[in-house]
Every structure is written in structure tokens, then in C-alpha cells.
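Trainee: Build the 3D model from these lines:
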Amino acid sequence: MIRAVLTPFLAALAVLFLSVVVHAQGFGALARLIPEESRITADEEGVTLTLSLSQPVPFRVFTLADPMRLVVDFREVAFGDWTAAQPLPQGLATLTAGAAREAGWSRLVLQLATPMTPETAAMTTDAATGRATVTLQLAPATEAAFLARIGTPPEAAGPLPTLPEVVMRPRDGRITVVLDPGHGGVDPGAVRGDHTEADLVLTFARELRDALRLTGRVEVVLTRDADVFVPLPTRVTLARAAGADLFLSIHADALAEGRAQGATIYTLSDTASDAAAEALAEQHDRADLLAGIDLRGSDDVVAGVLMDLARLDTAPRAEAFATTLVETFGAQGVRMHPQPWGEAGFTVLRAADIPSALLEIGFISDDRDLANILDAEWRARMQGAAVTAILAWADADAARMARARQ
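Mentor: Next up is the predicted model:
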């Protein structure tokens, strides 16, 4: 009883604290190089570049020829005059930094005196300070081995879209739903043949957005509306900036045959409901590692007790949404997994102040699921069921909150 009385106040305090932490981490601010903690060293095994940044950012690494050089693009870093003052070890001819060809990206270029190829490119983050460390190790190589790996990655060949600008809208009786198409940019997600998860779920999310807006009752924001990489915590930040009433992350993963087929809805839990759910959570969180970012510890800066208190309100609302979605899918004949509702520790669902869920629309490792996802009529039927479920949940949620205020 005491907890029930204190929960609204403490939940509000948790939301306030979260917003302060997100602001302090500065996801939208320009990252800065920290010169005193950055260096270039060399030994018999090659050259190691260590860059300390004020915050984590997406980055990509590739090599080019004529002259031989290693290129590291960041989104986006202010290097100051560090490159001009940095002594270069044997193996490096020049070191320069500046703007990349695409707006919103910075470029660090290491011109090589001898052939070297990147063996390690990793980013770690300090949960206490929010700082990030990029470590790039270059190993000696033959000229043939160097030339075999050169080339500009497709996403660096032309302008990249920026993250969506999110503006808080005045309340007019509509709810705001944030749709989060998984993966994107340097992280394609699951791949099968010519199909990538990132492209498939973006198409689905765009169509679902249009269907929801047609009801006149829902405003929809996408965390990405193009093939662009968005770090997991940034997706949550965008949802909070939009004043989301519901956050729905959309995926179409690949798992072992026989255990991965049909639509599945996931809600947050520290303990996975089964091995498949645990594997999916690890797979999704590795997306930031694959793109050069390790942000899995980002929630450590938030006081766990406050987050738990905030989730006393949001967790039941997320579970109510999952229940409604499963029931609606079943009633409208949408193919579902034998266990259609699971739980796992998905990083993207950790917004303590927003009811959040993750929807696997199917698994592209399953032939029938992939065929369904590629079928516009099937997608429209599933999207129609999702719209029905979202509206039904919104009505029930509003009634529950009205009763709580009485």
C-alpha cells in the first residue's frame, strides 16, 4: 500500500532524472577529441591509434590507394589541432582531419608509408563519464593484401540522411507512437540473399506509419526514415523527445530453423523467457558493436532504483499492449510464433518512462515468413491488425489512467 501511494511521485522523479541524464550525455551535441588521452603508438606488430572522445558516435573504417591511406569517418567529431601536433611513428606519412564529403561527418586520414591493414576497430564506453575510446590497430601487410581490401563502403559514397528532427507536438487528443525500424546504415541486420532486415522493416514501418495516420487518432514518428545507422540509446532519446505514448521497435531477424517462425512480441525483462529470446536480445545489442559502438552499459548512469520505480507504471502498460497485440493478431489470422509473447533484456526497450515493445514481424530465416514479408497484401493485413491493437490499447490505457487519477 505504501509503495502504491509513493509510486506516482517517484515515477515522476525518475522521468525527470532520466531526462537530465540523457541531456547530460549529449547525444545531439558534437563529440570532441580529448587530446591528452589520445595517442598513436607503434611496435613490431604495427601501429595502434587510440582516440578518446567526449561521447560515443558511429564510425566507419576503410582503406584507399594512390596514395595508400586509411580513412576513419566519424559522425561527428571536433579534432581541434591534435593532428597537427601529433608526432607520427614509423609507418605513417601524414595525419590529417577535417570534414568528410557528407554533411554531419568528420574524417581522419592516415597516409601510410608502408602497406598496413586494419586488424581491430572497436569502441568502448565508460558508463560513469559517458566518454568513448576508439582503438584501431593496423598490422603490416603485403601490397597485394592491402589492395585487396581497398574501397569506399557504399554508405560513404554519397550523402547520408540525417536523423529525424523531432518536435514535441501539442496534445489534441491524439496519441504519439514512435516506430523504430531496426538496424540501418552500416548495420544491415539479418541478411538472406538480396534481402536485408534493415530494408524490410523500414518498408513495413513506413506503411504502418501511413496506416496509423489515416485513422486521424495517431501521430507517428520514425526513429529513421532512410538507410542510416542510429545507436540504440539515441532511438530511445528520439522517442522521449517526441513525447511518445508508445514505442514499438520493429525487426525481422534470423534464428535457427524450427524455432523461429511467425510474429512475436517482446517486452523488457532482466531475465529472458527462453533461449531464443536471449539470443535475439544479444543479437540486437551487438548491432552497435558491429557499427563500432558499445553502448550496452549506457543505462548504468541512471540510478537503477529510480528506473525500477518508473517501470512500476510503464511495465504493466507495455504488457497490456503485448496482450492486446497478440489477441488481435490471433483474431485476424496473422501467423504467430507458437510462443507469441516473450521477454528479454533488449537495450532499445529500456526507456523507463515509455511503454515499449519489440515486434518481430517474422523471421527471414523461415521461407514462409520471408515470402509473407515480401507480400504487400500480407503486410497490409498485419499492419491493419497492428492499427486495431494500438487503438484498442490506447483506449484501454486512457481509461486506466483516468481511473488512477480519481
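Trainee: Helices of the chain, residue ranges please.
Mentor: For the chain, the helices defined by DSSP state H cover 2-25, 82-85, 143-148, 197-214, 232-241, 275-290, 304-331, 367-374, 376-405.
Trainee: Would you mark the buried spots in the third one?
Mentor: When neighbours are counted by 16 or more other Cβ atoms under 10 Å, the buried residues of helix 143-148 are found to be F146. For the C-beta atoms, the positions are set from N, CA and C on the backbone; glycine is no exception.
Trainee: same question, stretch 126-143
Mentor: Judged by neighbour count (16+ other Cβ under 10 Å), stretch 126-143 contains these buried residues: G130, R131, A132, T133, V134, L136, Q137, L138, A141.
Trainee: Closest one of the residues you listed to V72?
Mentor: The closest of these to V72 turns out to be L136 (Cβ to Cβ; 6.7 Å).
Trainee: Beta-bridge partners for the closest one, please?
Mentor: On the basis of DSSP bridges, L136 is bridged to L49, A121.
Trainee: how near is it to A315?
Mentor: Distance, L136 to A315, by Cβ to Cβ, to the nearest Å: 41 Å.
Trainee: likewise A99?
Mentor: For A99, the distance to A315 - Cβ to Cβ - is 44 Å.
Trainee: Of the two, which one has the most company?
Mentor: Counted by other Cβ atoms under 10 Å, A99 and A315 do not tie: A315 has more neighbours, with 17 against 11.
Trainee: List the contacts of that one.
Mentor: Neighbour list for A315: T267, L268 [criterion: Cβ atoms under 8 Å, 6 or more residues apart in numbering].
Trainee: now do R192
Mentor: Neighbour list for R192: A254, I364, S365, L370 [criterion: Cβ under 8 Å, 6+ apart].
Trainee: I'd like the residues you listed written out as a markdown table, with neighbour count added.
Mentor: Converted to a markdown table, the contacts of R192 look like this (neighbours: other Cβ atoms under 10 Å):
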| residue | neighbour count |
| --- | --- |
| A254 | 19 |
| I364 | 26 |
| S365 | 19 |
| L370 | 19 |
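Trainee: and those as a markdown table, adding pLDDT?
Mentor: Converted to a markdown table, the contacts of R192 look like this (pLDDT from 0 to 100):
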| residue | pLDDT |
| --- | --- |
| A254 | 75 |
| I364 | 88 |
| S365 | 85 |
| L370 | 93 |
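Trainee: Of the residues you listed, just say which sits nearest to G243.
Mentor: Checking those against G243 by Cβ to Cβ gives I364 as the nearest, at 33.0 Å.
Trainee: Flag the shaky bits of this structure, pLDDT-wise.
Mentor: For the chain, the stretches with pLDDT under 70 are 1-29, 100-104, 125, 127, 152-171, 255-260, 269-313, 344-352, 406.
Trainee: Residue nearest the middle of it, spatially speaking?
Mentor: L232 (2.8 Å; Cα atoms, centre = their mean).
Trainee: Please report the distance of that one from G80.
Mentor: Counting by Cβ to Cβ, the separation of L232 from G80 is 29 Å.
Trainee: cool, and E143?
Mentor: When distance is defined by Cβ to Cβ, E143 is 34 Å away from G80.
Trainee: Over to W393?
Mentor: Going from W393 to G80 by Cβ to Cβ gives 50 Å.
Trainee: more neighbours, those two?
Mentor: Set W393 next to G80 and count neighbours by other Cβ under 10 Å: W393 wins out with 23 against 13.
Trainee: Run a quick check on that one versus E319, I expect a contact.
Mentor: No: under the criterion of Cβ atoms under 8 Å, W393 is not in contact with E319, lying 10.7 Å apart.
Trainee: measure A141 to T96 for me?
Mentor: To T96, A141 is 22 Å away according to Cβ to Cβ.
Trainee: Please give the number of neighbouring residues around the residue nearest to H251 when sequence neighbours are not counted.
Mentor: The shortest distance from H251 to any non-neighbouring residue, by Cβ to Cβ, 6 or more residues apart in numbering, is to G182 (4.3 Å). By other Cβ under 10 Å, the residues close to G182 number 29.
Trainee: Over to L359?
Mentor: Other residues near L359 come to 26 when the count uses other Cβ under 10 Å.
Trainee: Nearest to A331 among the buried residues of stretch 126-143?
Mentor: Comparing the buried residues of stretch 126-143 against A331 with Cβ to Cβ picks out G130 as the nearest, at 45.7 Å.
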